[in-house]
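**Student:** below are the sequence and a predicted model for it; my questions follow.
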There are 4 protein chains.
Amino acid sequence: MQAKHGPGGTASRTFTESARRAQIVQAAIETIAEVGYARASYARIAEHAGLSSTGLISYHFASKGELVGEVVAEVVAAGQAFMVPVIEAAAPGRARLRAYIESNLAFMAGHRAQITAVAEVLNALPRHSEGQAAAYAPLHARGLEQLAGYLREGQAIGQLRRFAPDVMAQTIRAAIDAVGYRLAGEPGLDLAAWARELADLFDHAASIGPPGSGRRETA
Amino acid sequence: MQAKHGPGGTASRTFTESARRAQIVQAAIETIAEVGYARASYARIAEHAGLSSTGLISYHFASKGELVGEVVAEVVAAGQAFMVPVIEAAAPGRARLRAYIESNLAFMAGHRAQITAVAEVLNALPRHSEGQAAAYAPLHARGLEQLAGYLREGQAIGQLRRFAPDVMAQTIRAAIDAVGYRLAGEPGLDLAAWARELADLFDHAASIGPPGSGRRETA
Amino acid sequence: MQAKHGPGGTASRTFTESARRAQIVQAAIETIAEVGYARASYARIAEHAGLSSTGLISYHFASKGELVGEVVAEVVAAGQAFMVPVIEAAAPGRARLRAYIESNLAFMAGHRAQITAVAEVLNALPRHSEGQAAAYAPLHARGLEQLAGYLREGQAIGQLRRFAPDVMAQTIRAAIDAVGYRLAGEPGLDLAAWARELADLFDHAASIGPPGSGRRETA
Amino acid sequence: MQAKHGPGGTASRTFTESARRAQIVQAAIETIAEVGYARASYARIAEHAGLSSTGLISYHFASKGELVGEVVAEVVAAGQAFMVPVIEAAAPGRARLRAYIESNLAFMAGHRAQITAVAEVLNALPRHSEGQAAAYAPLHARGLEQLAGYLREGQAIGQLRRFAPDVMAQTIRAAIDAVGYRLAGEPGLDLAAWARELADLFDHAASIGPPGSGRRETA
DNA sequence: TATGAATGAGGATTCATTCAT
DNA sequence: TATGAATGAATCCTCATTCAT
C-alpha cells in the first residue's frame, strides 16, 4: 500500500487485502486476549500471525489506533448481530431484560477471546489518550443508552419498578463485563449457570415488588 | 544494599526509608490517577514527587511491580480501615449489605485519586502476566470472599433470598468498581445519590420476595 | 525485464514507457517542490501521480537515485533549451553576462516548481554519498565551466576586468541559485526586479573600471 | 535524566552533562559534515561519538530538533565571536565590506566541519518542517539584516553606490555559503585566495563608479 | 506493462533499571 | 541515602525495493 487508500472504505479493498486485514485483526484479538493490551505490540501480533515483519501491519493499517479500532468494531458488530435479534424478539419488560443478560453471556461463551480483547482495549486507554479514547467512550455510552432504553420501556409498561435507569444500566453492564474478565482467567466457568443467576438477580432488582412493606427511600 | 532489602520486611526499615517509600507511593498514586497507568513512568512519578532521579525509585523499590503493589496495598488497607468498622457495626442481613455498598462509595468520595489509581492498576498490565497478576488475584478474591460471607450470613438468618453468593458478590463489586471508573472521568458525580440507588438495587436483588408468584427457575 | 532495462538507453524505450517515465518524473518534481525532498517518498509521489502502486515507480526506475537524476536532468535540459539561445544571441562580454543572469531568472519565473525541486534535490542527500553525488557534481561543474567560458571570452575582448573566472562563475551561480531557494519559500517575489539588480551587480563586479585608482591587489 | 530538566537553562547543568552535551554536539557536527544531514541518524552520531546507545542522545536532548538547534547555535555563536570584532574594527564602507567577506572565509578555514554541518542543516529543512525550520529562518534573516545594515551604512557615507541592499546582502551571503559547500567536497581549497578574489569582486560590485558613463538603469 | 502485497532495515524516542559516586 | 549518568531493549512507524501475478 504505502500510497494510503482513501478512507472511502471497504468497497475499494481487494480480496487479499481484506483477508489479510481480517487475519491481522484476528491475531490482534488473540494476542490482546492472551498477553493484555499493553503487551500486545506489533512484534507480538506479527509473530502470532506468522507474519515476517511488523511492517506488514503498518502496511495494512495506518496506525495502531486503526487496528484496535477495527478489533473493537469487529467484536461489537458480531456481538450486536448475535444479540440484538434475540433481545428484540423477547417481549418488552422483564423478559427482554433476561434476554439481554442471557444473550450477552451466550455470546461470550462462543467468543471468549474477542470479549477479553475488547475488555482489555476499552479499559487500557480509558482517558488520557487524547483523541483515541474519545472514540470508544461514545461506543460504550451508546451501549449503555440502548440498555437504559430497554429499562425505561419496561418501566413505562409497568413491569419494572421505579429506579434510575442509568444506574441500573451501568450496573448490569458492569456485571456482564466482570464475567468477561473472570472468564479470561478462568476458562471452564459455567456461563449458563452464571447467566441464569444474573438474570434472576436483575429480575429481582428491577421488578415491581418488595422489599419492605412500603418503599425504603429513607437515607 | 541497593535494590534488595533484607527479606525481613517492614521491621528492618529505617524511619527515613519508610518516609521516602510513602512519599513515592503517594506520588505514584497521584500520577497514575492523573495520567493513567500506561503513562505513569518512573520519570513522571519522579517529576511529580519532586525527586531528582528515577534512580531513587529503583533504589527504594526492587521493581515497578513492587511499587504498584504497594500502591494497591496502601489503598486497600485504607479502604478496609475505613469501611470494615462501619460494615460490621450494621446488623447482619439487609442492613449490612446496605452498609457495605454505602461505605464503599463513601470511601470513594473521600479518596478519588486513590480509587482511580487502583482502578487503573488493576485493569492495566496485570491479568495474563505470569507472576505479577497472581499478586492481585488473591487480594481481589479475598475481598469477594469477605463480601460473600456477609451475604451467606444474611441468607442464614432468613433475610436474604436463595441466590449464588459468589455471583451476587462479584456483581456487587463490579457495580462498585464501575462507579470508581466512571468517577475517574467524571468528577462531580453525585456519589451519595449513586450509593442510595445502588443500595436499593441490591436490596431488591437480594431480599426475600417476588418477582413471580413462585420461584422462576425455569430455563 | 523488470527494473533493469537494456543499457542501450533511450532508443530502446517504447512510447508507453517514455510517457510513464515522463509522468512519474513530473509527479516527482511537483511532489518534491511541494513537500520537500526528504518527504518525497515513493508513496507520496505515486499518490500525487494517481498511480496505484509504488511498485510502478520501481518498475520504471532502477532506483530512487535514477529517478531524482532524471528529475534534475530534465530541468537542466529545459533550462538550457530556454536559456542558451538567449545567451548566445547576446553580444559577448557585458551584454552576454547580463543575458545569462536575466535569462536564468526568467526561466525561474516560468518554472518555479522545477527550480524548487532541483534546489531541494541538490541540497538533500547528495554530497558525501559515494556514488550518487558524483553524478551531480560534473553536471554542476559543466554549468560552471560554461559560465566561466563566457567570462573568459569577455575578458579576452577587453570588456571584462581581470578576475578569477571560476570564482566569479561560482559566485554568479550561487547568487542565482539563492534566488531559487528564496523563491521556494516566498512565491510572489518580484523576479524581474531581482534580475535587474543582479545584472547590475555583476556588471559592476566584472566590468573594467575602478574602484581604487589602480588595482587593489594588496592582501 | 528522563525527568526532564526545566528549560531554565545552562545554569542548572552539571559539569558532566555539559561535557556530554558538547561531545554529542561535536559528534553531530562531524557526522552531519561527513554524511550529510539526512543520513545523520542518532545511530550514526552515537557510533561516531563512541556512545553505547542512541538512548544516551535522547537522554541529553529532548528531541532531534534540540540537538540540531544546538549544533547551529554553537557554530553561529563561534562565528559571530570570531568575526564581529574584526568587522566592526574596520572602517565603515568599503573596508568593512572587505572585512566581512574576509573574516567569514577566515573562519571557514579554521572550522570546516562546522561550516559544512550548518550549511547542511539549514538547507535540509528549508520549509516543510512546520515549526522547526521556522526557528532557523529568522536566524538567517538576522544575519542578512546585519549585513544589509553594513551596506546601507556604506551607502550613507557615500562610499557605496546605490543598489538594493537586500539583494546585495543575499548575494554576498550566497557567495560565501557556496564556498562552504565547495569546501566540503574539496578540502585543500585555497581559501585565502578565494577571500581576496571575492572581496575584490564585491568591492567592484558595490563601490561608486562605472560601468557605463552614466547609470545603466534601463531594463 | 501494471498491480498489490510483502519485506526487512532503519527512523526517533521512551522505558525500567544499573551503577559509580 | 541519594544522585545523575548510562544502558539497551522495546515502542510504533516509514521507507525503497522485490516479486508473483
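**Tutor:** That came through fine. Since we're looking at a predicted model, the values are computed, not measured.
**Student:** what about the helices in chain A?
**Tutor:** A:15-35, A:42-49, A:55-60, A:64-89, A:94-110, A:112-124, A:130-156, A:165-185, A:191-206 (DSSP state H).
**Student:** I'd like those laid out as JSON lines, including mean neighbour count.
**Tutor:** From N, CA and C alone the C-beta is placed, and that goes for glycine too. Converted to JSON lines, the helices of chain A look like this (neighbours: other Cβ atoms under 10 Å in any protein chain shown):
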{"stretch": "helix A:15-35", "mean neighbour count": "18"}
{"stretch": "helix A:42-49", "mean neighbour count": "18"}
{"stretch": "helix A:55-60", "mean neighbour count": "16"}
{"stretch": "helix A:64-89", "mean neighbour count": "16"}
{"stretch": "helix A:94-110", "mean neighbour count": "21"}
{"stretch": "helix A:112-124", "mean neighbour count": "23"}
{"stretch": "helix A:130-156", "mean neighbour count": "15"}
{"stretch": "helix A:165-185", "mean neighbour count": "21"}
{"stretch": "helix A:191-206", "mean neighbour count": "22"}
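**Student:** now for the ones you listed, which one comes closest to C:Thr54?
**Tutor:** When the helices of chain A are compared by Cβ to Cβ, helix A:55-60 sits nearest C:Thr54, at 11.0 Å.
**Student:** can the closest one be found next to DNA strand E?
**Tutor:** Yes: using Cβ under 7 Å from any atom of the strand, we find that helix A:55-60 touches DNA strand E at A:55-56, A:59-60.
**Student:** name the nearest residue to the residue nearest the centre of chain A, sequence neighbours excluded.
**Tutor:** Centroid-nearest residue in chain A: A:Val76, 5.6 Å away (criterion: Cα atoms, centre = their mean). The shortest distance from A:Val76 to any non-neighbouring residue, by Cβ to Cβ, 6 or more residues apart in numbering or on different chains, is to A:Leu139 (6.7 Å).
**Student:** gap between that neighbour and chain C?
**Tutor:** Applying Cβ to the nearest Cβ, to the nearest Å, the value for A:Leu139 to chain C is 31 Å.
**Student:** could you check how far that residue is from DNA strand F?
**Tutor:** 20 Å (Cβ to the nearest atom of the strand, to the nearest Å).
**Student:** contacts only, for A:Arg182.
**Tutor:** A:Arg182 sits next to A:189, B:170 when contact means Cβ atoms under 8 Å, 6 or more residues apart in numbering or on different chains.
**Student:** before we move on, back to that, would you turn the residues of helix A:55-60 next to DNA strand E into CSV with distance to B:Arg98 and pLDDT?
**Tutor:** As requested, the residues of helix A:55-60 next to DNA strand E are exported to CSV (distance: Cβ to Cβ, whole Å; pLDDT from 0 to 100):
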residue, distance to B:Arg98, pLDDT
A:Gly55, 57, 93
A:Leu56, 56, 94
A:Tyr59, 57, 93
A:His60, 53, 94
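**Student:** between those, which is closest to D:Glu66?
**Tutor:** The closest of the residues of helix A:55-60 next to DNA strand E, once distances to D:Glu66 are taken by Cβ to Cβ, is A:Gly55, at 28.8 Å.
**Student:** against B:Gly185, how distant is A:Tyr136?
**Tutor:** Distance, A:Tyr136 to B:Gly185, by Cβ to Cβ, to the nearest Å: 12 Å.
**Student:** and A:Leu67, by the same measure?
**Tutor:** Per Cβ to Cβ, A:Leu67 is found 24 Å from B:Gly185.
**Student:** check A:Ala119 too.
**Tutor:** A:Ala119 is 17 Å from B:Gly185, by Cβ to Cβ.
**Student:** what's the answer for A:Arg94, then?
**Tutor:** According to Cβ to Cβ, A:Arg94 and B:Gly185 sit 32 Å apart.
**Student:** now A:Ile176
**Tutor:** Using Cβ to Cβ, one gets 20 Å for the distance from A:Ile176 to B:Gly185.
**Student:** A:Arg21 too?
**Tutor:** For A:Arg21 relative to B:Gly185 (Cβ to Cβ), the value is 31 Å.
**Student:** ok, now A:Ala175?
**Tutor:** 20 Å.
**Student:** hang on, A:Thr116 packs against A:Thr31?
**Tutor:** No: assessed by Cβ atoms under 8 Å, A:Thr116 is found out of contact with A:Thr31, at 10.9 Å.
**Student:** quick one: low-confidence ranges for chain A?
**Tutor:** For chain A, the stretches flagged by pLDDT under 70 are A:1-11, A:125-134, A:210-219.
**Student:** around DNA strand E, pick out the residues from it.
**Tutor:** Near DNA strand E, when you scan chain A using Cβ under 7 Å from any atom of the strand, you find A:1-2, A:13-14, A:16-17, A:20, A:51-56, A:59-60.
**Student:** residues contacting the closest residue to A:Gly143 other than its chain neighbours?
**Tutor:** Of all residues beyond its chain neighbours, the one nearest A:Gly143 is A:Arg173 (6.9 Å), with distances taken as Cβ to Cβ, 6+ apart. Neighbour list for A:Arg173: A:143-144, A:147, B:178 [criterion: Cβ under 8 Å, 6+ apart].
**Student:** the same query, at a cut-off of 7 Å, please.
**Tutor:** Residues in contact with A:Arg173 (Cβ atoms under 7 Å, 6 or more residues apart in numbering or on different chains) are A:143-144, A:147.
**Student:** got it, and A:Ala99?
**Tutor:** A:Ala99 touches A:86-87, A:90, counting by Cβ under 7 Å, 6+ apart.
**Student:** from A:Leu51, how far out is A:Tyr42?
**Tutor:** Distance, A:Tyr42 to A:Leu51, using Cβ to Cβ: 9 Å.
**Student:** out of the residues of chain A next to DNA strand E, which is nearest to chain B?
**Tutor:** A:Thr54 (19.8 Å; Cβ to the nearest Cβ).
**Student:** verify the stated contact: that closest one with A:Arg44.
**Tutor:** No: counting by Cβ atoms under 7 Å, A:Thr54 stays clear of A:Arg44, with 9.4 Å between them.
**Student:** how close does A:Ser12 sit to A:Ser18?
**Tutor:** Computed as Cβ to Cβ, the A:Ser12 to A:Ser18 distance reads 10 Å.
**Student:** A:Gly188: how many residues sit nearby?
**Tutor:** 6 (other Cβ atoms under 10 Å in any protein chain shown).
**Student:** for it, give me phi and psi.
**Tutor:** phi 90, psi -10 (degrees, to the nearest 10).
**Student:** repeat for A:Phe163
**Tutor:** The phi/psi pair for A:Phe163 (degrees, to the nearest 10) is phi -140, psi 170.
**Student:** can you give me the distance of it to C:Glu66?
**Tutor:** A:Phe163 sits 73 Å away from C:Glu66, going by Cβ to Cβ.
**Student:** which bits of chain A sit near chain B?
**Tutor:** A:34-36, A:38, A:94, A:123-124, A:126-128, A:163-164, A:167-168, A:170-171, A:174-175, A:178, A:182, A:184-185, A:194, A:197-198, A:200-205, A:207, A:209-211, A:216 (Cβ under 7 Å from any Cβ of the partner chain).
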